[in-house]
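K.L.:
Sequence first, then the predicted structure:
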Amino acid sequence: MATVARVSRLIIVLQVRCLAATEVTTMIGICSWVFMTISALLSLATNFVFLPGCISPPAVNLALHRVNVELVVIAVRTSAFNNTKNAPKLMHPALPVYWYFGSSGICDVSESETPIRCRREFPPTSDLVTLVKDSLRDSGQVDEKQADAIASSWETAIDALDPSLYRDKQPRANSQSKASVAFTILAVMLDLILPAVAL
C-alpha cells in the first residue's frame, strides 16, 4: 500500500512539473515519455503478477477464474441425462471442490484440510475428461484403474451431451486459450520495448 502511495505521489509531482514547465514543447515531449514509461511499467508489473497464476499453491490467489466442480457435475448430468437414475456417477470424493484456472496452471482446491494441488500447464487445458483424470491422479486417493473408470463415466456423459453444448465448442475454447497466452506474451514484450520506442 505504501508503494502505491509513493507511485501516486510521484505521478502527481510529475504532472505538476509538466504543467508548470516554461519550455512547453520540450516538457510535453518529456512528460509524454514519462507517462508512457510509467504506464508501460505498471502494465508490465500487472502482466508479471498474473502470468504465474496457479503455477503453485501460493499462486492460487492469482487465478483468473474458479469453477465449482459440483456445479459442473450437475450441469453435465442435467444436460446429458435429464438427471435420470441411469446417469453415470460423476462426482467422486477424490475430486476437488473447485478448479482454479490461472495463466500458467490449474489448481485443485478442496474445503477440507487437503492441501492445494497445482499442475503447471501453459496454457491450461479446457478438456473436462483430462481435467478430471489429472485431478483424480494427483489426489493420491485413487489408483490408475479407478481414475480411468471415473474418467470413462465422464467421457460417456460428455458423449451423451448435445454436440453443440461441448464438442463443437472445444476447438474454439482451445484456440481462445492459446490466443490469450499469445496476447499476454505480446503484452509483456511490448511493455519492455515501449519506453525505448517513446524516446
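P.N.:
Received the coordinates, thanks. Quick caveat: nothing in here was measured; it's all calculated off a predicted structure.
K.L.:
quick one: the helices in this protein?
P.N.:
Along the chain, counting by DSSP state H, helices occupy 2-19, 24-50, 69-81, 128-139, 144-160, 170-198.
K.L.:
Give the buried residues for the third one.
P.N.:
Neighbour-count burial for helix 69-81, counted by 16 or more other C-beta atoms under 10 Å, picks out Val69, Val72, Val73, Val76, Arg77, Ser79, Ala80, Phe81. To be clear about C-beta, it is placed using only N, CA and C from the backbone, and glycine gets the same treatment.
K.L.:
just those residues now: which is nearest Glu144?
P.N.:
Val69 (20.5 Å; C-beta to C-beta).
K.L.:
Tell me where the chain is predicted with low confidence.
P.N.:
Low-confidence segments of the chain, defined by pLDDT under 70, span residues 1-31, 83-87, 126, 195-199.
K.L.:
how does it divide into domains?
P.N.:
The chain breaks down into these domains under automatic domain parsing: 2-50+182-198, 57-168.
K.L.:
Return the residues in contact with Met91.
P.N.:
The contact partners of Met91, taken as C-beta atoms under 8 Å, 6 or more residues apart in numbering, are Val69, Glu70, Val73.
K.L.:
Recalculate using a threshold of 10 Å.
P.N.:
Val69, Glu70, Val72, Val73, Ile74, Arg77, Ile150 (C-beta atoms under 10 Å, 6 or more residues apart in numbering).
K.L.:
So what's the residue count around the residue nearest to Pro88 when sequence neighbours are not counted?
P.N.:
Distances taken as C-beta to C-beta, 6 or more residues apart in numbering put Ser153 closest to Pro88, at 3.7 Å, once the chain neighbours are dropped. Neighbourhood size, Ser153 [other C-beta atoms under 10 Å]: 16.
K.L.:
same deal with the one 3 residues further on?
P.N.:
The number of residues packed near Thr156 is 14, by other C-beta under 10 Å.
K.L.:
again, but for the one 4 residues further on
P.N.:
When neighbours are counted by other C-beta under 10 Å, Ala160 registers 14.
K.L.:
Quick check, central residue of the protein?
P.N.:
In the chain, the residue lying closest to the centroid (C-alpha atoms, centre = their mean) is Gly102, at 2.6 Å.
K.L.:
Touching, that residue and Cys54? I think so.
P.N.:
Yes. The criterion here is C-beta atoms under 10 Å, and Gly102 meets it with Cys54 at 2.8 Å.
K.L.:
so what's in contact with those two at the same time?
P.N.:
Val60, Asn61, Leu62, Ala63, Leu64, Cys118, Arg120, Glu121, Pro124.
K.L.:
you'd agree the fifth one is up against Pro124?
P.N.:
Yes. Using C-beta under 10 Å as the test, Leu64 is close enough to Pro124 to be in contact (9.0 Å).
K.L.:
who has more neighbours, the two?
P.N.:
The residue with more neighbours, out of Leu64 and Pro124, is Pro124; 23 against 13, by other C-beta under 10 Å.
K.L.:
Report the contact partners of that one.
P.N.:
Pro124 is in contact with 53-54, 63-64, 99-107, 131, 177, 181, counting by C-beta under 10 Å, 6+ apart.
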